[in-house]
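Novice: Here's a sequence, model it:
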Amino acid sequence: MDIENVDYGEKLEEGKQVLSEFVQTILDKDGIDYIIEDHELKKCFKYSCDRDDKHIDIEIWVWLGYITIRCIYPFLVQPSDRACMALLISEINNNKNKPFVKFDISTGIIYVENSVITYGCVDLDERVISGEIHISIDRTFSYYEDLCNVITGNLTKEQRDHYRALLFSGLSELDEHEILNENEFEIGKNIGDELPFC
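Specialist: The predicted model follows:
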């Protein structure tokens, strides 16, 4: 092969298209009503899912070589609740089993994210990718109530005492790898007055 004549942009586009068609086939088989957004070198499949009066938005990002499944909660965490939420999410992620819960502490957005490497579209396994999508969705719904309880202040006395102790011990138990924009976490220094329910 003449390396000088290889159009890498075209190859990337071809790879994205193959993987996109693969994901589209999975969603079509599941009867999903989705929309597709086409971006440079990536595509995004968007749809929503409801279960037991709970709602999430789902984005499946298709890149060359991997797929990112992102399940987004419909609520925003207010500034006064973000330290407590970060502590809860850190504890959820302590089991180190993916997909992890991610928290953008600067915006209050929470989502579950799972990336699956596809090794350049070689030997794609529909069962594996479909399984990862369903695992991500199930995991998102399984955390729903606990996350809502922090937002609504519906915490038990034991939970309040637990989070208060963590907050005033310097937030040492936070897993910073799962908390985005961790530099914004300066609010933790004077957080006592901002968390009335903690």
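
Novice: and the longest helix anywhere in the chain, which residues are buried?
Specialist: In the chain, with assignment by DSSP state H, the single longest helix is helix 126-152. Within helix 126-152, the residues that count as buried by 16 or more other C-beta atoms under 10 Å are 129-130, 132-133, 135-137, 139-141, 143-144, 147, 150-151. Every C-beta, even on glycine, is put in place using the N, C-alpha and C of the backbone.

Novice: what distance separates it from the centre of its chain?
Specialist: With C-alpha atoms, centre = their mean, to the nearest Å as the basis, helix 126-152 stands 9 Å off its chain's centre.

Novice: same for that helix, what does it pack against?
Specialist: helix 8-29, strand 54-62, strand 66-76, helix 82-92, strand 109-117 (3 or more C-beta pairs under 8 Å, 6 or more residues apart in numbering; DSSP states H and E).

Novice: so of the ones you listed, which one's packed in deepest?
Specialist: Most buried of these, by mean neighbour count (mean count of other C-beta atoms under 10 Å): helix 82-92, with a mean of 23.

Novice: What residues sit buried inside the helix or strand just after that one?
Specialist: Downstream of helix 82-92, the first helix or strand assigned by DSSP states H and E is strand 100-104. The neighbour-count check on strand 100-104 (16+ other C-beta under 10 Å) flags 100, 101, 102, 103, 104 as buried.

Novice: quick revisit: looking at the helices and strands packed on helix 126-152, which is closest to residue 45?
Specialist: For these, the distance to residue 45 is smallest for strand 54-62, at 4.3 Å, taking C-beta to C-beta.

Novice: for the closest one, packing partners?
Specialist: Checking 3+ C-beta pairs under 8 Å, 6+ apart, strand 54-62 ends up next to helix 8-29, strand 42-51, strand 66-76, helix 126-152.

Novice: Just the CA trace of it, in CSV.
Specialist: Presented in CSV, the C-alpha positions along strand 54-62 are these (Å, rounded to 0.1, in the frame of the first residue of the first chain):
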residue,chain,number,x,y,z
LYS,A,54,-38.5,7.5,36.2
HIS,A,55,-37.1,9.2,33.1
ILE,A,56,-33.6,9.3,31.7
ASP,A,57,-32.1,10.6,28.4
ILE,A,58,-29.6,8.3,26.6
GLU,A,59,-26.8,9.3,24.2
ILE,A,60,-24.8,6.7,22.4
TRP,A,61,-21.7,8.3,20.9
VAL,A,62,-20.0,6.4,18.1
